[in-house]
Each structure stands twice: as C-alpha cells, then as structure tokens.
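J.: okay, structure incoming, though there's no sequence with it:
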Ligand code: 6PG
C-alpha cells in the first residue's frame, strides 16, 4: 500500500471508528488499524465499506499507507497501551512524523511522551476529544497540545472534523505545549462532573422536597433549556426524565443510585490540591459519586441514623422553582470560575500560554459541557484576557449577584429538609468566602503559631514580615520557617 492516506487511526472502539468516518466524510483518506486485526476486517467490510478508508493489516502496512509527514492517531485506552503503541510505531516513522494521542490520557503522561517522542526526532500531540460517540461522528470538541511544530499539518484535519459554532468557527484550536491539551480536557471533564452533580442535586430537591413527578420535572428542564441554562446536559436530563419503560414507569425511577467514574474527575480534584486552587465544587462532585457508590453502607445507615427532618414544602412552588433555576445558574458560574482559576494556576506552573477565550470557544460546541453560557465566558475573556476571576467580569458579577439569593434559599431549604447538596453548598460557601474581606484565618494563623511557632503576618505591619508570639511564656523566640504549599 503506497502513501495515499492523510492520517492513520489506531484503535477501532466506538470513538476511533466514528472519528475515522467523520474524517472520511470531510474528504480525508484514512487508514485504520487495530491490534486484533479481525476488527479491521469487520470495519472495512461494514461501516467503512465503499468509503476512502484503508484497512491496514499491520503497523508497517499502516505506516506505509500514509502521506508524509505521517500522522498516526491513537484512539486506544489511556495508560500502558498508549506507551506500547508509541514504541511499536517509532521504528517505522521518519523525522518529522507525528504521533497523536486522542484518548483521555493524564496530562503528566502526555508531558513525558512529548519529550520522549521529540527525542526520537518525531512530534507528539496529546489531544482531548469530547462529545461521546455522536460527537466523534458528527463533530467533537478537540483540544490539542504538545509539539507545536506539528500543528500546521494536523490543523486542517482537526478543524475540518470539529464541531462548529454558529458563525462556522471550529471548536478546536491549539491549546499549548506539553500536556496542555490533555490538561484542558481534564478540566472539561471535572466541570462535566460538577455540572452533572448540580443537576442531580436540583433533581433530588424537586423530587423529595417539592414531590414532583418525572413528567413535571421534564417540563421544567424543557423550559430551562430554552433560556440561559440551555446546554447539552440540561437537554439530555429533560429527555431522560421523559423516557418511560414499556409499562409506563419512568426509567429513571428504576435506575440504581450508585455512580461510576473512570478517573478524570478524581485527577482534576487531585491536581487542584497540588496546585493549591480552591476547586471545591468539582472536588465535592467526585466525593458525591464516591458516597453514592457506598450503596450497601447507606442502606444500613438509613436504618440506624433515623434522626433528621422529613422533607416537606408549604411555600410557593412556582417561586421556588425559579430559585432552583437561579441556584443552578449561579452554582455553574462558580464552578466554571473555579475551573478557570485552576487553568490559570496550571498555566503559571507549567509555563503554558493558555487562551481562556479560545478554551471557552472550544467548549461552546461538540463537547459534553457545551452550552449557551460558554459564549458569555468567551466574551468575558475576549474583553479582558487577564481577568483575575470570572466572577469579577461585569456581566457575570451582575448575574451572580442577581442569582445568589436563589442559591442561598435553595441550599438552606435543602439542608433544612435533610437533602444532601454538597455542590450547591460548595458554591454558596465559595461565593461568600471569595467576597469576604476578612476571613477567620487570623485565628488559624494564631493557632499555628501557638502550637508550632509557624508565625503570622500582622494587620498593622507591611505584608511579608512574619511575627511569632511566645503565647504561653514557656516557648522561646525561635520561629519555624514559613512556606506556602
Ligand atoms: C467526553 C467525556 C468522556 C468521559 C465520559 C465518562 O468529553 O466525551 O468527558 O471523555 O470519558 O464522560 O466519564 P466518567 O466515566 O468518569 O463519568
């Protein structure tokens, strides 16, 4: 087979197959390969039949079917399979050829792989691809990073297959060096976790406090999806609530309440702790999944820990549903504000030049968190690329102040009714913490200094000067060194 394909894709699971079909539908010739070659046969004789898709029989065959510079995209399970394929490919590639990893790889792995592959005279791109199987086929959001020199060769394919916003701009642009692309995809997934948990908490309140049926909730989500909350996740929630089994029972009432996870949310929380960023909402959403998974323990505890309120509501239901809408909107703004804070901290730590407006644009369409609201975030960062926090943008500052009462009412009502709302609670606590001029950390510093001579700064002295008090009269004047994590 001689040099006819624009790109080769390894890995014929659903994302790989759909990306290949998407590329082919945009006029690219694609070579497909899979470790178990019978899958290649099955694909070329099935979904790929009659299309410009070549089924490669080996790695050598795949590589020799590609135009130069060769571009090979891995759509395999994150982790060891990516490293294995990189090592299998390297001996067959020439200087300037490009290996692309389109899986959900952890960004430190991508950092390492960029260095390794570049040391062999090749280029490496680690890219986030979001949108699930439908997105992969019809237009995903693509977040590439790594060897910038490789971007011009890959750009026409990626921007060609990506989702487009209304004016035709693709939801794909260069993110940055090293693991920047996979970092941004990780934050996307963290935000996805947060958005989902927020919707779940609102659903829980609607169901258990307001006593709404699945059909009634469907109507509310339908209405919300026509306004500012318009988003893919609200849309699918609307449809899930309307879905009935053959006997007329809403399927949602028969699905077991225990959540799975593949790890990207956990990475987001872990990295936030490492960077020292208060990413409270997303991290709580990961813990909420962990708590949900303790099903047997919760069932047992529900028989023992019976003290607590019985949900009841005697207020104005319609007005409270408006509060729920405002609460969801406000909490979303706070979650995204925290996610962007984390990207800013990472850009500083890893020397990435991230364009926050472009990231919002990449998330505007194609991906799981796509929403109308990301258009407003793009505008905020376009107006002020150095915006310290999304909450300080004039548009969002006005919005959050208008909606904070709803968030406060909903969170306190949930707590009064015994409904767990870790993410709504994280949101209002962050809002109040962020806007508090004087937090109680003065006492915390005093405590640290009392038991460990960790020193403190004073309100009546310039910043950067540290003091120690001999609190008990028994300690000496020796202070411990100060440092920030
Ligand atoms: C996407 C999704 C996807 C993710 C799934 C499952 O952007 O298309 O984020 O990458 O793997 O949503 O994630 P969990 O199994 O962790 O919920």
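T.: Nice, I can see it. A quick note: this is a predicted structure, and the numbers were derived from the prediction, not measured.

J.: ok, and for stretch 133-146, which residues are buried?
T.: Buried residues in stretch 133-146, counting neighbours by 16 or more other Cβ atoms under 10 Å, are found at 135, 136, 137, 139, 140, 141, 142, 143, 144, 145, 146. Bear in mind the C-beta positions are built from the backbone N, C-alpha and C, glycine included.

J.: of these, closest to residue 36?
T.: Distances from residue 36 to those, taken as Cβ to Cβ, are shortest for residue 136 (20.3 Å).

J.: wait, doesn't the closest one sit right on residue 20?
T.: No - checked against Cβ atoms under 8 Å, the pair residue 136 and residue 20 is beyond contact range at 9.1 Å.

J.: interface residues of this structure facing the ligand?
T.: Residues of the chain lying near the ligand by Cβ under 6 Å from any ligand atom: 104, 130-132, 189, 192, 260-262, 264-265, 367-368.

J.: residues contacting the closest residue to the ligand within the stretch 151-300 of the chain?
T.: Taking Cβ to the nearest ligand atom as the measure, the stretch 151-300 of the chain has residue 262 as its residue closest to the ligand, at 3.7 Å. Contact analysis of residue 262 by Cβ atoms under 8 Å, 6 or more residues apart in numbering lists residue 104.

J.: please apply the same query to the one 4 residues further on.
T.: Neighbouring residues of residue 266 by Cβ under 8 Å, 6+ apart: residue 286.

J.: where does it land in three-state SS?
T.: Secondary structure, DSSP: H, G, I helix; E, B strand; the rest coil: residue 266 is helix.

J.: any idea how far it lies from residue 347?
T.: 22 Å (Cβ to Cβ, to the nearest Å).

J.: quick one: low-confidence ranges for this structure?
T.: Counting by pLDDT under 70, the ranges of the chain that qualify are 1, 481-485.

J.: in it, where's the longest helix?
T.: Using DSSP state H to define each element, the chain has its longest helix at helix 317-350.

J.: next, the buried residues of it.
T.: Within helix 317-350, the residues that count as buried by 16+ other Cβ under 10 Å are 320-321, 323-347, 350.

J.: which helices and strands sit right next to that helix?
T.: helix 180-208, helix 214-224, helix 264-275, helix 280-293, helix 356-364, helix 373-383, helix 394-416, helix 422-434 (3 or more Cβ pairs under 8 Å, 6 or more residues apart in numbering; DSSP states H and E).

J.: pull the number of nearby residues for residue 38.
T.: Residue 38 has 8 neighbours, counted by other Cβ atoms under 10 Å.

J.: tell me which residues in the strand or helix carrying it are buried?
T.: Residue 38 belongs to helix 37-44 when assigned by DSSP states H and E. Under the neighbour-count criterion of 16+ other Cβ under 10 Å, helix 37-44 has 39, 40, 42, 43, 44 buried.

J.: do you know how far the last one is from residue 12?
T.: I take that to be residue 44. Applying Cβ to Cβ to residue 44 and residue 12 gives a distance of 10 Å.

J.: what do these two both touch?
T.: Contact criterion Cβ under 8 Å, 6+ apart; residues shared by residue 44 and residue 12: residue 32.

J.: any idea what whichever residue of the chain sits closest to the ligand is bridged to?
T.: Residue nearest to the ligand within the chain (Cβ to the nearest ligand atom): residue 130, separated by 3.0 Å. Beta-bridge partners recorded for residue 130 (DSSP bridges): residue 141.
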